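Novice: need a 3D model of the sequence below.
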Amino acid sequence: MHNPEIIIFSNLVQQKVQCAFLGISNIIPDQIIQIFILSFHCLCQFRKWSLFRGRFRKDPYSQSLPNQMYVSHFQTCPRFLFFLVLGIGYMFSPNMKYVAPIQERVVFGMFFLGAILCLCFSWLFHTVYCHSEKVSRTFSKLDYSGIALLTMGSFVPWLYYSFYCSPQPQLIYLIIICVLGITAIMVSQWDHFATPQYRAVRAGVFLGLGLSGLVPTLHFMITEGFIKATTVGQIGWLFLMAVLYILGVGLYAARIPERFFPGKCDIWFHSHQIFHVLVVAAACVHLHGVSQLQAFRSSLGGSCTENTVL
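Specialist: Numbering: from 1, shown residues only. I've put the predicted structure just below:
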């Protein structure tokens, strides 16, 4: 059904083929055309179940950037621009009532910064990864670092408002999540981390980083009680966010649906694409929940009562 060899063409090769098809004289010498031939099984180590997504051209950045811009634009660029505009509009909206304006803007700014950097790094990676193996490996580390930054940034506003009246555990949990996030970033700099053999390890590292939030969540629920935690504390939105993240990571690690439909999800609906959509959805859900927490805190004017963390 498929040829045992896959030829990955550079722009020059594509141009030469088009000229031959149209019967037009082509002035490009064969000597300057680079054609990289990879065995089908070798390519499948990187794109298993995605039969026609191979792109590996050792082009200058001036060539690879324009060639990939249209692809990466639809994949990630609109999303990080969306969060950039949303973040600026949200933090400086005249309708926002802050108890401590500077401090709270910084708290929300950490969340938006993490989301913007995560999607921006992903956009950069998808733009230049076809340049060469070395460039792909380097920017994949940046991509993975962005995931950790988004996770860290998401924890900041939730911990700030959930433990608003308990500064000591608030600070401890913030330090812990920062240490875990930095550790995940350091692990992601390991060269073998991006290889197909460590796909499950990658998923495990970031899943573990996210699940570390179970400790402060249980602390919050035990202190405030289940009813208050799920109503005023917005734990339900946090739970939905966790479900979306875990679902995205699970689909990415298991490579669903392309595992069951080889070659059918090469362009649309592959696991990496679904993962990105679920990450954005989870971030929006998280923002809504934290916004409700902020509104509750603002309605109290920043006052605290005894025996409460909220």
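
Novice: so, low pLDDT: which residues of the stretch 51-200 of the chain?
Specialist: Scanning the stretch 51-200 of the chain for pLDDT under 70 picks out 51-87, 89-95.

Novice: rerun at 90
Specialist: Where the stretch 51-200 of the chain drops to pLDDT under 90, the residues are 51-102, 115-116, 118-140, 143-144, 147, 190-200.

Novice: mind listing the strands for it?
Specialist: For the stretch 51-200 of the chain, no strands are identified by DSSP state E, counting those that start in this stretch.

Novice: next helix or strand past the helix or strand containing Lys228?
Specialist: For Lys228, the host element (DSSP states H and E) is helix 226-231. Proceeding N to C from helix 226-231, the next assigned helix or strand is helix 235-254, under DSSP H and E.

Novice: now do the buried residues in the helix holding Lys228.
Specialist: By neighbour count on 16 or more other Cβ atoms under 10 Å, the buried set for helix 226-231 is 229-230. For every residue, glycine as well, the C-beta is placed using N, CA and C.

Novice: got it, and stretch 139-150?
Specialist: 139-150.

Novice: among those residues, which are in helices?
Specialist: Counting by DSSP state H, the buried residues of stretch 139-150 place 139-150 in helices.

Novice: wait, which of those residues is closest to Pro157?
Specialist: Leu150 (12.7 Å; Cβ to Cβ).

Novice: please enumerate the helices of the protein.
Specialist: 11-22, 40-44, 61-75, 77-91, 101-128, 133-162, 167-188, 199-211, 214-224, 226-231, 235-254, 271-299.

Novice: helices or strands next to the fifth one in the packing?
Specialist: Spelled out, it's helix 101-128. Here helix 101-128 touches helix 61-75, helix 77-91, helix 133-162, helix 271-299, going by 3 or more Cβ pairs under 8 Å, 6 or more residues apart in numbering; DSSP states H and E.

Novice: got it, and the longest one?
Specialist: Counting by 3+ Cβ pairs under 8 Å, 6+ apart, the packing neighbours recorded for helix 133-162 are helix 101-128, helix 167-188, helix 199-211, helix 214-224, helix 271-299.

Novice: 6 Å - rerun?
Specialist: Counting by 3 or more Cβ pairs under 6 Å, 6 or more residues apart in numbering; DSSP states H and E, the packing neighbours recorded for helix 133-162 are helix 101-128, helix 167-188, helix 199-211, helix 271-299.

Novice: out of those helices, flag the one nearest Gly233.
Specialist: Using Cβ to Cβ, the helices and strands packed on helix 133-162 put helix 271-299 closest to Gly233, at 7.2 Å.

Novice: quick check: buried residues in the closest one?
Specialist: For helix 271-299, using 16+ other Cβ under 10 Å, the buried residues are 271-276, 278-287, 289-294, 296-297.

Novice: now for it, which elements pack on it?
Specialist: Counting by 3+ Cβ pairs under 6 Å, 6+ apart, helix 271-299 packs on helix 133-162, helix 235-254.

Novice: quick one: that helix to helix 199-211, angle?
Specialist: Interaxial angle, helix 271-299 versus helix 199-211 (axes from the mean of the first three to the mean of the last three Cα atoms, to 10 degrees): 10 degrees.
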